[in-house]
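>>> Sharing a model prediction with you, sequence too.
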Amino acid sequence: MEKRKVFESAVRICHDMQDRITTALEELEMNNASSGRASIFKEDLWDHGDTTSTILTGGGGRSRAIENGRIFEKGGVNVSDVSGRFSEEMARAQPGESSRFRATGISLVLHPKNPHAPTVHANFRVIKRITEQGDIDRMWFGGGADLTPHLFYEEDARHFHKAWSDLCLRHREIADYGKMKQDCDAYFFLPHRAEARGIGGIFYDYQEENADQWLAFMKEAGEAFLESYVPIIKRRSDMPFTEAEREFQLYRRGRYVEFNLIHDRGTLFGLRTGGRIESILMSLPSPVHWRYNYHPENDLSLPEALRRQIAELYSALKEPRNWIP
C-alpha cells in the first residue's frame, strides 16, 4: 500500500480502537454498578487552536477521560492527528530531513481505584516527515504497552505478557517479542530510583520498513490490549483492600509521575510541540503521595502479608524477569 494510504488507514484504526476500548471499559464500570458509583468517559474534541503552540499548524484530537469511577479512579483514551513544523532541536532528534510533520496515534493510561488492580499504559502511533513538495520524506511506527502493579501477582504479569507475545507471534515476520520485551524493560526504567516503573510489556519505535505489516500489527493491537488487561481487572477490581494497601498504592503512583514527567517520550513530544496540555497530562494519577525518605519494604509497622507482597514487587522491579515459560 502507498505510504500516504497507510497513514490515513492508521488514523481510522486509532479512532476505531478508541471506540472499542472505551466501550469495553465502560461495560466493566457498569457491571455490578450497585457496588459503587460507575462512571463513563467524557469526550472532548479539540483542534490545534486550543493550544498556544507555535509548532502545530493543523489537526487536533478526540480525548476521552474518566474519573472517580467504580473501577477507574483516573484515566484516558486519547486519539490525536496533528501536523506542524519541528523546531530545529526536535528536527535533529527525528529520522529525516524535512521540518514539516504529521503525527497520529492513540494513547491510553488507566489508574484503577483498587490497589490490587494494576495501572496500564498503551500507545500506538505513526509519524511522517513531509517535504515542501508534499511528498513523504520518512515515516515510522512506534508504540507498546506495559503494566504497573502496586500489589504484585505473578499470574497477572504472565497473563499480560502472554497476550502481547501471542500478538507478536501472529506477526512474527516483523515483531520479535523477546526484543520488544527487552526494549520495554530498558525504556520504562527510572535511573534515579534504580528500578523499573512496572513489570514491562512490549516497546518498539522508528519502524520504517514493512509499513503494511506494521499497520496490520497496529490494527490488532486494540484487541490484544483488551485480552491482556480486561481479565486482570475482572479478577482484581472487587477485591477487598486495607488502608495500608491503599496508602502503598498512592506512594507507588509517585513513581509513575516521576517517569512520565522526566522520561516519557510521548509526554515530552507533546510538551515540546505545544500540544493540548489536558490531553498530554491525563496520564498522571490522582490522588498520589510522596513521602520523605520512605522505604516501605523496611516498614515494620505494615502487616507482614503486605510486606511480603512489597518485597515480591520490588524484586520484580529491580531485575527484569522472563514472564513467558
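Received the coordinates, thanks.

>>> Name the nearest residue to the residue positioned nearest the centre of the chain, ignoring sequence neighbours.
Closest to where the C-alpha atoms of the chain average out (C-alpha atoms, centre = their mean) is His121, at 2.5 Å. Computed as C-beta to C-beta, 6 or more residues apart in numbering, the closest residue to His121 that is not its neighbour in sequence is Val109, at 4.9 Å. For glycine as for every other residue, the C-beta is placed from the backbone atoms N, C-alpha and C.

>>> One more: Gly60?
In this structure, Gly60 finds its nearest non-sequential neighbour in Asp47, 3.4 Å apart by C-beta to C-beta, 6+ apart.

>>> Ok, Asp299 next?
Arg307 (7.3 Å).

>>> residues contacting that neighbour?
Counting by C-beta atoms under 8 Å, 6 or more residues apart in numbering, Arg307 makes contact with Pro296, Glu297, Asp299, Leu300.

>>> now it: how far from Trp290?
21 Å (C-beta to C-beta, to the nearest Å).

>>> repeat for Gly144
According to C-beta to C-beta, Gly144 and Trp290 sit 27 Å apart.

>>> out of these two, which sits in the busier spot?
Gly144 (22 against 12; other C-beta atoms under 10 Å).

>>> and the next element down the chain from the host helix or strand of the more buried one?
Per DSSP states H and E: Gly144 is located in strand 136-148. Using DSSP H and E, the helix or strand that follows strand 136-148 in sequence is helix 154-170.

>>> Helices of this structure, start to end?
Assigned by DSSP state H, the chain shows helices spanning 3-30, 88-93, 154-170, 177-187, 211-236, 243-262, 265-272, 277-280, 304-318.

>>> Same list, these, but as TSV with distance to Ala103 and mean pLDDT please.
Converted to TSV, these look like this (distance: least, C-beta to C-beta, whole Å; pLDDT from 0 to 100):
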stretch	distance to Ala103	mean pLDDT
helix 3-30	10	97
helix 88-93	11	86
helix 154-170	23	98
helix 177-187	19	97
helix 211-236	14	97
helix 243-262	19	96
helix 265-272	8	85
helix 277-280	13	88
helix 304-318	31	95
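
>>> Quick one: closest of those to Phe203.
Nearest to Phe203 among the helices of the chain is helix 177-187 (3.8 Å), distances taken as C-beta to C-beta.

>>> List the buried residues in that closest one.
Neighbour counts over helix 177-187 (16 or more other C-beta atoms under 10 Å) mark Tyr177, Met180, Lys181, Asp183, Cys184, Asp185, Tyr187 as buried.

>>> got it, and stretch 216-229?
Buried-residue list, stretch 216-229, by 16+ other C-beta under 10 Å: Ala216, Phe217, Met218, Lys219, Ala221, Gly222, Ala224, Phe225, Leu226, Glu227, Ser228, Tyr229.

>>> Could you measure from the fifth one over to Ala117?
Between Ala221 and Ala117 the computed distance is 21 Å (C-beta to C-beta).

>>> With the second one instead?
Distance of Phe217 to Ala117, given as C-beta to C-beta: 27 Å.

>>> Please tell me how far the residue lying farthest from the centre of the chain sits from Ser99.
Within the chain, Gln133 marks the point farthest from the mean C-alpha position, 34.6 Å out by C-alpha atoms, centre = their mean. Distance of Gln133 to Ser99, computed by C-beta to C-beta: 13 Å.

>>> got it, and Glu208?
18 Å.

>>> higher neighbour count, the two?
Remark: of Glu208 and Ser99, Ser99 carries more neighbours, 19 against 13, as counted by other C-beta under 10 Å.

>>> From Lys113, how far out is that one?
44 Å.

>>> Over to Glu132?
Glu132 sits 50 Å away from Lys113, taking C-beta to C-beta as the criterion.

>>> out of those two, which sits in the busier spot?
Neighbours per residue, other C-beta under 10 Å: of Glu132 and Lys113, the larger number sits with Lys113, 17 against 9.

>>> close enough to count as contact, that one and Gly69?
Yes: Lys113 lies in contact with Gly69 (C-beta atoms under 8 Å); the separation is 7.5 Å.

>>> Poorly predicted segments of the stretch 1-150 of the chain, please.
32-36 (pLDDT under 70).

>>> can you rerun that using 80?
32-37, 52 (pLDDT under 80).

>>> if we can go back for a sec, with the buried residues of helix 177-187 in mind, which one is nearest to His161?
Distance to His161, by C-beta to C-beta, is smallest for Lys181 among the buried residues of helix 177-187, at 7.1 Å.
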